[in-house]
Each structure stands twice: as structure tokens, then as C-alpha cells.
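> quick one: sequence plus predicted model below, questions after.
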Amino acid sequence: MKIIDLINWFESWANPAWQESWDNCGWQVEPGVLEENAKVLVCLTPTLAVMQEAIALRNEGTAVNLIFAHHPLIFSPQKSFRTGDAIADMVRLAFIHKIGIYTAHTNFDQVEDGTADVLAQLLELQETIAIVPTQNGLGYGRVGNLNPSLTLRDLLGVIQNRLAPPNLIFSPTADLSQNIERVAVLGGSGASFISATVKTGAQAYLTSDCKFHQFQESRDRNLILIDAGHYATERPACEQLVKKLQTLGIDWAQLSRFDEDFRVFFQ
């Protein structure tokens, strides 16, 4: 499959037109690779470490020509490109080695089998709906039912086991044996959806990047807020995307081994 055909297929599933106004989905760097057979390295965040991984794979004989990322390389208009600047160096290396960089962000968050759906699937939620519907059955986050229900302790254990976050944070509670039947999930920074989540009747909400007073707000509104970290809540969707690409007959697709969490917790 050529890269242009891969992108056309993807955009028929997760149209960049569905992105938020502040977002930057789609091509970040297209160095003339559209007609090449796709060899894709999938990552959460396009960093120099991932680019160096792609270059190393090329040197080893696997001609990677596309980095497919969830997070955009470029959020704001660049005022200059200078050596030593990470974005400038990524662009320079992309053109030198003919490795395209493509991003699917808020469009990928909304769709079936996108970031929220994959989290819901990992927790085996049933009868899921979007926390905030957008259009044509799309939406941000998912809320669904656990069958059988789990105690809060067991739910936290499932999250720890299946997402492997380096640090799992949850709202103060006096009863880890509380029975949990309805759970909401949203990969990445989902604290702004707390009010919408409360309206869904969810007892617990798995997301990331939550601040001190957002935990207070959730506790006061009888919602157990669970923060598993940005990386842990979105990386599984990247892994699932690799599997989906492989079913298309792509020459080569692999999940990056050098994707970074950017956070280290002292033990």
C-alpha cells in the first residue's frame, strides 16, 4: 500500500476536518513520500528519539518512510527554524532521510476504535456511549458498564495491570471495597470533562493530567477521579493502530520502542 492510499484510508475513518480549532492534525512534514510503499513507525509523540529510531531502522535495512503520531509535531506557527531547536531538527531530518510525519489527534480521539474506545475495550466496558457526543455517533470519551461489577480496589488493580502506569493516583476515599458498576474513560488530558462525566452517572472516571483542585471537585461531586498519566492512557491506542495497519497489508508497521512518557517517578 502506498502512503497516499494509507492516508486516504485513514482520513475516511478519522477525518482531520473533525479536529478542534486549536489542533493541528494531518501532515506535519511531507518530504515527497506519497507514492512510496508505506513502512510506518507509530508513536504517541513525534520526538527526536523516535526520528533517530526511524533512521536507525533505515540503516539496518527497513526503509521507514512515515512516522505516524497521535500528538502533533507543530501546534503553533513557527517563527524560525534554527539548529538545536527540536522541531527544526525534526523537520531537517525528515527531509534529509525522506521520512514523513503525520498526526491524528482530536480526530482520532472521537472515532470508533480511537483513543477512548481502546481504553473502554481494555476495561471491558459494555453498552458504551460518548461522554460528550460530537457528530454522527462520534464523541469524546466513553462511559459504560462493568459486568460483573468490581470493587474500587479491583478496578484500580485492573487499570494498573493493563495500562502499567508508573504512578496511579485516585480521589481520596474511605472505602476501597466500594462497588463500581459504571465507569467513564478519556485518554490524555480529560479533567475539563469532569462536569460532563458526572452527568453520565459514572462512579469512576479514568483520565490523566488532573490538578489538585480537580480531584477536590470530583470528590465533592461523588465522582472517583483516577489519573493514570497521559502516556499510559493514550499509548494503547497507538498499539491498536499498528494492528489495524497490519491488517491492511502494509509492507511494515511497528510501534515505536523509543516513545517517551516525559515523566519519571522517584521510587
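Good, I have the coordinates. Residues are numbered from 1 along each chain as shown.
> now for residue 177: which residues touch it?
Neighbouring residues of residue 177 by Cβ atoms under 8 Å, 6 or more residues apart in numbering: 151-153. (C-beta placed from N, C-alpha, C; glycine too.)
> rerun that using 10 Å as the cut-off
Counting by Cβ atoms under 10 Å, 6 or more residues apart in numbering, residue 177 makes contact with 151-154.
> center of the protein - which residue?
Nearest to the mean C-alpha position of the chain, by Cα atoms, centre = their mean, lies residue 234 at 3.1 Å.
> just the helices in the stretch 51-200 of the chain please.
With DSSP state H, counting those that start in this stretch as the criterion, the stretch 51-200 of the chain has helices at 86-97, 106-110, 115-122, 152-163, 194-199.
> relative to residue 187, which of these is closest?
Residue 187 lies closest to helix 115-122 among the helices of the stretch 51-200 of the chain, at 3.9 Å (Cβ to Cβ).
> I figured residue 128 was touching residue 144, is that so?
Yes - using Cβ atoms under 10 Å, residue 128 makes contact with residue 144 at a distance of 3.6 Å.
> which neighbours do the two share?
Listed as contacting both residue 128 and residue 144 by Cβ under 10 Å, 6+ apart are 120-121, 183-185.
> which residues touch residue 183?
When contacts are counted by Cβ under 10 Å, 6+ apart, residue 183 touches 119-120, 123-125, 128, 142-146, 149-150, 155, 159, 197, 200, 202-206, 224, 226.
> taking the contacts of residue 177, tell me the two that lie furthest apart.
The distance between the two most remote of the contacts of residue 177 (Cβ to Cβ) is 7.4 Å, for 152 and 154.
> anything in contact with each of the two?
Common neighbours of residue 152 and residue 154 are listed as 176-177, 179-180 (criterion: Cβ under 10 Å, 6+ apart).
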